[in-house]
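Participant: Structure, please.
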Amino acid sequence: SVRFTQQLVLFAPQAVSVHSHVQTLLSTLSSRQPILRHLAVSTLRHLIEKDPDSVIEERIEGNLFHMLDEETDSEYVKSYTLCLAYFSSFYAFYLENEYLPCF
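Facilitator: Model prediction:
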């Protein structure tokens, strides 16, 4: 399911709503299989790159920080950190456009 979601995000992002993708991926973040967690995080990062506004509206940052706290594998911690970095940079841009008037 995660691999299929990843393929949809990469090659047919308009086929399914971002909300559906995010819900599928968030449920996979708590999987006992590390590779599934890694796939979910990398797919979330791709979603953030493709449609940051929609992902920001899903309010996933709490889930990512929680999983970062729980993860023990250093390679996967790097994936979570990278995803959070992408999220943070787009979120800062989103807030700037949302709350600062354009002159």
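Participant: so what pLDDT did R3 get?
Facilitator: R3 carries a pLDDT score of 77 in this model.
Participant: gap between it and A85?
Facilitator: Taking Cβ to Cβ, to the nearest Å as the measure, R3 falls 24 Å from A85. All C-beta spots, glycine's among them, are computed from the backbone N, C-alpha and C.
Participant: Now name the helix or strand holding the most centrally placed residue in the chain.
Facilitator: The chain has L44 as the residue nearest its centroid, 2.7 Å off, counting by Cα atoms, centre = their mean. Using DSSP states H and E, L44 maps to helix 34-50.
Participant: Going by neighbour count, list what's buried in the helix or strand that comes right after that helix.
Facilitator: Using DSSP H and E, the helix or strand that follows helix 34-50 towards the C-terminus is helix 52-57. Judged by neighbour count (16 or more other Cβ atoms under 10 Å), helix 52-57 contains these buried residues: 52, 54-56.
Participant: Name the nearest of these relative to S89.
Facilitator: P52 (8.9 Å; Cβ to Cβ).
Participant: Might one say that that closest one is in contact with F90?
Facilitator: Yes. Contact criterion Cβ atoms under 8 Å: P52 and F90 qualify, at 3.7 Å.
Participant: From the contact counts, what lies against the longest helix anywhere in the chain?
Facilitator: Using DSSP state H, we find that the single longest helix of the chain is helix 74-99. Helix 74-99 sits against helix 34-50, helix 52-57, helix 61-70, with contacts defined as 3 or more Cβ pairs under 8 Å, 6 or more residues apart in numbering; DSSP states H and E.
Participant: could those helices be laid out in TSV, adding distance to L10 and mean pLDDT?
Facilitator: As requested, the helices and strands packed on helix 74-99 are exported to TSV (distance: least, Cβ to Cβ, whole Å; pLDDT from 0 to 100):
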stretch	distance to L10	mean pLDDT
helix 34-50	6	88
helix 52-57	15	85
helix 61-70	20	88
